[in-house]
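1. structural data only, the sequence is not supplied:
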């Protein structure tokens with residue numbers, strides 16, 4: 001009897017909205033969420049999302065082809081509303097009938113309307129209740145509420161405070177993100193009023209993740225105190241592993257930080273073959289639009305390629321490893337299917353325990 005009750009609780013609005021068995025979403029992590037991971041997640045009953053922001057349009061098209069060849073299950077595409085080729089990516093999503101467009105931040109209302117007219121779901125990531133309210137008023141179908149424990153660019157409100165505040169503020173489905181990795185977390189998110197969870201780091205550390213094994217090993221040995229939220233990379237709060245590079249930038253004063261940032265950035269420029277002119281043009285454009293300090297500017301100009309070198313090329317010494325704080329609790333690299341089965345089984349067990357059934 002309780003088993004069926006638990007399954008009923010675990011089948012939430014997000015399952016019906018996305019057409020999936022499990023209320024678990026794999027987020028669109030740049031350089032990580034490729035076709036193999038996305039297809040594996042959707043095939044296993046979750047909802048996989050491709051990371052379009054770090055792909056060219058031809059690369060994204062090829063990735064969509066691969067996912068659709070490997071599974072008939074629904075999946076999504078993650079993008080930035082301000083990326084230069086956003087209109088082309090939106091056109092591809094609509095043309096291929098992809099289930100959902102997720103956004104790293106707030107999309108423009110016109111984009112939401114365009115997608116809605118085409119029958120495509122939209123789901124932005126937000127970091128404050130008022131942002132969720134605004135997005136609901138603009139017509140999005142769901143939101144991911146990411147707490148400060150989350151990886152990469154993140155907010156300042158802890159998940160335990162953000163999630164119940166967001167779920168009390170809106171009527172649309174809400175997914176909790178930041179600190180989730182197992183079935184106990186899924187049960188906790190449901191208790192906070194969420195309709196499921198979205199995970200990045202936990203999916204990064206799976207067998208199907210394209211991240212090189214030597215980089216995964218760095219994540220696995222990182223403890224709960226081994227991450228830091230820094231603005232030294234690109235001017236925005238970003239949670240990363242506290243590598244030697246990041247610690248140097250965090251500890252340095254303005255002049256020292258500029259010197260070290262330039263040294264690291266220029267060294268990497270030479271490594272990947274980016275011309276000095278291109279490096280300077282990109283940096284000046286970012287300083288104008290994002291109001292970065294000179295140390296932040298020096299790092300921000302090369303940050304995307306430095307992250308790629310780590311996450312794709314397997315060079316953790318470059319120094320930028322985006323991660324959620326939850327990496328300190330992860331010690332295995334299961335297949336995606338095994339991970340989702342384990343999460344759902346543990347969530348059922350947790351609900352049974354709380355219901356006095358064990």
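-> Cool, got the structure. Everything numeric in this text was worked out from a predicted model, so none of it was measured. Numbers count the residues shown, from 1 in each chain.

2. what about residue 137, how many neighbours?
-> Residues lying near residue 137 (other CB atoms under 10 Å) number 10. Every residue, glycine included, has its C-beta placed from N, CA and C.

3. equivalent analysis for the one 3 residues further on, please.
-> Residue 140 sits with 26 neighbouring residues when counted by other CB under 10 Å.

4. pretty sure it contacts residue 174?
-> No. Residue 140 lies out of contact with residue 174 (CB atoms under 8 Å); the separation is 11.0 Å.

5. list the contacts of residue 319.
-> When contacts are counted by CB atoms under 8 Å, 6 or more residues apart in numbering, residue 319 is found next to 243-246, 264, 306, 310.

6. will you turn these into TSV that also has distance to residue 343?
-> Output for these, formatted as TSV (distance: CB to CB, whole Å):
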residue	distance to residue 343
243	29
244	34
245	33
246	30
264	38
306	32
310	27
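
7. going by distance to residue 325, which of the residues you listed wins?
-> residue 246 (14.5 Å; CB to CB).

8. any figure for the gap between the closest one and residue 231?
-> Going from residue 246 to residue 231 by CB to CB, to the nearest Å gives 11 Å.

9. again with residue 49
-> 26 Å.

10. so between these two, which is more surrounded?
-> Each of residue 49 and residue 231 has its neighbours counted (other CB under 10 Å); residue 49 has more, 29 against 15.

11. the more buried one pairs with what?
-> Under the criterion DSSP bridges, residue 49 forms beta bridges with residue 76.

12. tell me where the protein is predicted with low confidence.
-> Filtered on pLDDT under 70, the chain yields the residue ranges 1-7, 252-302, 358.

13. can you list the domain ranges for it.
-> For the chain, automatic domain parsing gives the domain ranges 2-211+330-354, 223-322.

14. hey, where'd the helices end up in the stretch 201-350 of the chain?
-> For the stretch 201-350 of the chain, helices defined by DSSP state H, counting those that start in this stretch occupy the ranges 201-204, 213-220, 244-251, 254-272, 276-290, 294-300, 303-311, 336-354.

15. residues in contact with the shortest one: which ones?
-> With contacts defined as CB under 8 Å, 6+ apart, helix 201-204 is touched by 26-27, 29, 32-33, 37, 41, 151, 180-181, 209, 211, 216, 219, 323-324, 326-327, 330, 336, 339.

16. what of stretch 179-192?
-> Applying CB under 8 Å, 6+ apart, the external contacts of stretch 179-192 come out as 9-10, 12, 23-24, 147, 149-150, 159-160, 163-164, 167, 175-176, 196-199, 201-202, 324-326, 329-330, 342-351, 354.

17. how close does residue 351 get to residue 151?
-> Remark: distance between residue 351 and residue 151 (CB to CB) = 27 Å.

18. tell me which of those two has more neighbours.
-> For residue 351 versus residue 151, the count of surrounding residues by other CB under 10 Å is larger for residue 151: 26 against 22.

19. ok, the more buried one to residue 18 distance?
-> Distance from residue 151 to residue 18, by CB to CB: 22 Å.

20. same check on residue 109?
-> Relative to residue 18, residue 109 is positioned 22 Å away (CB to CB).

21. list buried residues within the contacts of stretch 179-192.
-> Among the contacts of stretch 179-192, those buried by neighbour count (16 or more other CB atoms under 10 Å) are 10, 12, 23-24, 147, 149-150, 159, 163-164, 167, 175-176, 196-199, 201-202, 324-326, 330, 343-344, 346-351.

22. what residues sit buried inside stretch 84-91?
-> Neighbour-count burial for stretch 84-91, counted by 16+ other CB under 10 Å, picks out 85-86, 89-90.

23. dump the residues you listed to CSV, plus secondary structure.
-> Below are the buried residues of stretch 84-91 laid out as CSV (DSSP: H, G, I helix; E, B strand; the rest coil):
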residue, secondary structure
85, coil
86, helix
89, helix
90, helix
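
24. from those residues, pick the one nearest residue 75.
-> The nearest member of those to residue 75, counting by CB to CB, is residue 89 at 14.6 Å.

25. my guess is the closest one contacts residue 81. True?
-> No. Applying CB under 8 Å, one finds residue 89 not in contact with residue 81, separated by 10.2 Å.

26. can you give the distance of stretch 324-333 from its chain's centre?
-> Here stretch 324-333 shows a centroid-to-chain-centroid distance of 15 Å under the convention CA atoms, centre = their mean, to the nearest Å.

27. just the terminal-to-terminal distance for it.
-> Terminal residues of stretch 324-333 lie 16 Å apart, using CA to CA, to the nearest Å.

28. do the same with stretch 83-102
-> 13 Å.

29. now do stretch 328-346
-> Span of stretch 328-346 from end to end, CA to CA: 19 Å.

30. contacting residues around that stretch?
-> Defining contact as CB under 8 Å, 6+ apart, one finds that stretch 328-346 is touched by 10, 22, 24, 26, 37, 40-41, 43-46, 181-184, 186, 201-203, 205-208, 216, 219-220, 222-227.

31. what about 6 Å?
-> Applying CB atoms under 6 Å, 6 or more residues apart in numbering, the contact partners of stretch 328-346 are 22, 40-41, 44-46, 181-183, 186, 205-208, 223-224.

32. could you work out the most separated pair of those residues?
-> 45 and 223 (31.1 Å).

33. who has more neighbours, the two?
-> Applying other CB under 10 Å to residue 45 and residue 223 shows that residue 45 carries more neighbours, namely 18 against 10.
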